[in-house]
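Got a predicted structure plus its sequence, pasted below:
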Amino acid sequence: AQSVSQHNHHVILSEAASLELGCNYSYGGTVNLFWYVQYPGQHLQLLLKYFSGDPLVKGIKGFEAEFIKSKFSFNLRKPSVQWSDTAEYFCAVNAAFGNEKLTFGTGTRLTIIP
Amino acid sequence: NAGVTQTPKFQVLKTGQSMTLQCAQDMNHNSMYWYRQDPGMGLRLIYYSASEGTTDKGEVPNGYNVSRLNKREFSLRLESAAPSQTSVYFCASTSGRVPYEQYFGPGTRLTVT
């Protein structure tokens, strides 16, 4: 079975700071990886995904993530955050073949101070 | 195209009462899911349905039942609500095509007193 660790529970940054949120997964096979964002009071929306090809993937709103297979990591980055990025961010993984169920991390709450 | 819809948005129950949360999707997706979201615990899978007529337990199924009424609809029932079921419930669906990203509904905030 897969598992996902997000070690940063709450991150507080000032506007224009750079962001990196950690995500590590545990699974012996090939995986698909996702970052979802949940703005206050809203549902989860897909930010970006990786399933093959270039390990550096770009998503919406200037976010990107890099899949490093040797480190079992899929960290989320943004060079300059905005107040509107305040949200909760979830990393998720599923098996690339056969089992489509997603396993989510516990989430990282990001607060951006104007 | 509404995506995934859920009703109700908010609900307050007394311990022991029952209720059904409704979910529908208009994307012709085969698979549907029910999650609960609790602070500090992320999303935990309650039940899922890989296709019409099939359902399977997820990580936290106790106290819940589900029905996949047709391809569009997947309902979650609490037969006898308990305070531990106070949570936000999300329904999701997926197309069944790689990489199987899920699309989420707006959620139901349930409080059991």
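That came in fine, so what should we check first?

The residue nearest the centre of chain A pairs with what?
Residue closest to the average C-alpha location in chain A (C-alpha atoms, centre = their mean): residue A:35, at 3.4 Å. Taking DSSP bridges as the rule, residue A:35 bridges to residue A:48, residue A:91.

show me what contacts it?
A:23, A:46-49, A:59, A:63, A:65, A:74, A:76, A:89-92 (C-beta atoms under 8 Å, 6 or more residues apart in numbering or on different chains). Heads up, the C-betas are built off the backbone N, CA and C, glycines and all.

So among those residues, which ones count as buried?
By neighbour count, with 16 or more other C-beta atoms under 10 Å in any protein chain shown, these hold A:23, A:46-49, A:59, A:63, A:65, A:74, A:76, A:89-92 as buried.

Make TSV out of those residues and add pLDDT.
What follows is those, written out as TSV (pLDDT from 0 to 100):
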residue	pLDDT
A:23	97
A:46	94
A:47	96
A:48	95
A:49	94
A:59	94
A:63	97
A:65	98
A:74	97
A:76	98
A:89	97
A:90	96
A:91	96
A:92	95
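
Tell me where chain B has helices.
Taking DSSP state H, chain B contains no helices at all.

The residue lying farthest from the centre of chain B - nearest residue in space that isn't next to it in sequence?
Most distant residue from the mean C-alpha position of chain B: residue B:98, 22.2 Å away (C-alpha atoms, centre = their mean). Once flanking residues are discounted, residue B:98 sits nearest to residue A:51: 6.0 Å by C-beta to C-beta, 6 or more residues apart in numbering or on different chains.

ditto for residue A:100
In space, residue A:100 is closest to residue B:100, 3.7 Å off (C-beta to C-beta, 6+ apart).
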